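Student: Sequence and predicted model, in that order:
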Amino acid sequence: MDVSLLESLLPSLAYHASTYLLAGQTPTRLGNRHPTIVPYETFDAADGEFVLAVGNDDLWRRFCKVAALADFAVDERFATNRARVEHYESLKPILVERLRTRTRAEWIAALNAEGVPCGAVRDLAEVFNDPQLAAREMIQAVEHATLGNVRALGVPIKLSDTPGAVRTAPPTLGQHTDQILRTDLRLTDADIAHLRATAAV
């Protein structure tokens, strides 16, 4: 098996790669915004960020229904994705103002009910308290030499016959030096003592 880190990364460029390879255009920075679909980016709700992914015109009409923007579903500036991309600068402030009027959970519940893709942008506290991580054993308790019981990330790849495990915490500086010298280099205690004395000089 021959796997290159560089080559493995290239497919993650997705449509950016196609834009360059087919049109010769180098994409510019857009933050969390999609270059050819509008709206498809992060927005601030009243209490935090969420992602809104209105991927086609049917979803746009559904979004407008939820957001009480019925006129925008038929407005020629916004009725089609092409028009929304062309009039992005006009549309964005309207969406920003409207989406700040409700909480993240309220928007997500209402949008999900209409089949509009969306999701919370979570901080690490929210991520690590997700029940899914506990169910998948992605947070492991391990014993640290000086800190005692600490939490560490689990193994993300689940193998049925040979499951991985987090067996030890990160070592302290030099914690395993003597063990490595004895087992890997097969040094005696006298050899180790001599090395320490020499290093001290």
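Tutor: In hand now; what should we look at?
Student: all contacts plus neighbour counts: C-alpha atoms, from now on.
Tutor: Fine.
Student: and stretch 135-154, average pLDDT?
Tutor: Across stretch 135-154, the average pLDDT comes to 93.
Student: Can you spell out the domain ranges of the chain, please?
Tutor: 40-121, 124-168 (automatic domain parsing).
Student: Comparing those, which comes out most buried?
Tutor: domain 40-121 (a mean of 17; mean count of other C-alpha atoms under 10 Å).
Student: Tell me which stretches of the protein form strands.
Tutor: Remark: strands assigned in the chain by DSSP state E are 40-44, 49-53, 118-120, 139-144, 148-153.
Student: mind putting these in JSON lines, distance to residue 176 included?
Tutor: Output for these, formatted as JSON lines (distance: least, C-alpha to C-alpha, whole Å):
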{"stretch": "strand 40-44", "distance to residue 176": "46"}
{"stretch": "strand 49-53", "distance to residue 176": "45"}
{"stretch": "strand 118-120", "distance to residue 176": "43"}
{"stretch": "strand 139-144", "distance to residue 176": "13"}
{"stretch": "strand 148-153", "distance to residue 176": "17"}
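Student: quick one on the thing from earlier: just put the domains of the chain in TSV and tack on distance to residue 195.
Tutor: Formatted as TSV, the domains of the chain follow (distance: least, C-alpha to C-alpha, whole Å):
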stretch	distance to residue 195
domain 40-121	53
domain 124-168	24
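Student: Of those, give the one that comes closest to residue 23.
Tutor: Closest of these to residue 23 is domain 40-121, at 18.2 Å (criterion: C-alpha to C-alpha).
Student: Output the below-cut-off pLDDT ranges for the chain.
Tutor: 200-201 (pLDDT under 70).
Student: again, 50 this time
Tutor: 201 (pLDDT under 50).
Student: Please, where are all the helices along it?
Tutor: Using DSSP state H, the helices of the chain run over residues 5-9, 15-23, 57-66, 70-74, 81-86, 88-99, 104-113, 124-128, 131-135, 177-183, 189-200.
Student: Can you convert the ones you listed into a markdown table and add a column each for distance to residue 150?
Tutor: Output for those, formatted as a markdown table (distance: least, C-alpha to C-alpha, whole Å):
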| stretch | distance to residue 150 |
| --- | --- |
| helix 5-9 | 32 |
| helix 15-23 | 41 |
| helix 57-66 | 44 |
| helix 70-74 | 52 |
| helix 81-86 | 49 |
| helix 88-99 | 40 |
| helix 104-113 | 32 |
| helix 124-128 | 14 |
| helix 131-135 | 15 |
| helix 177-183 | 22 |
| helix 189-200 | 31 |
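Student: Out of the strands of the chain, which gets nearest to residue 179?
Tutor: strand 139-144 (17.0 Å).
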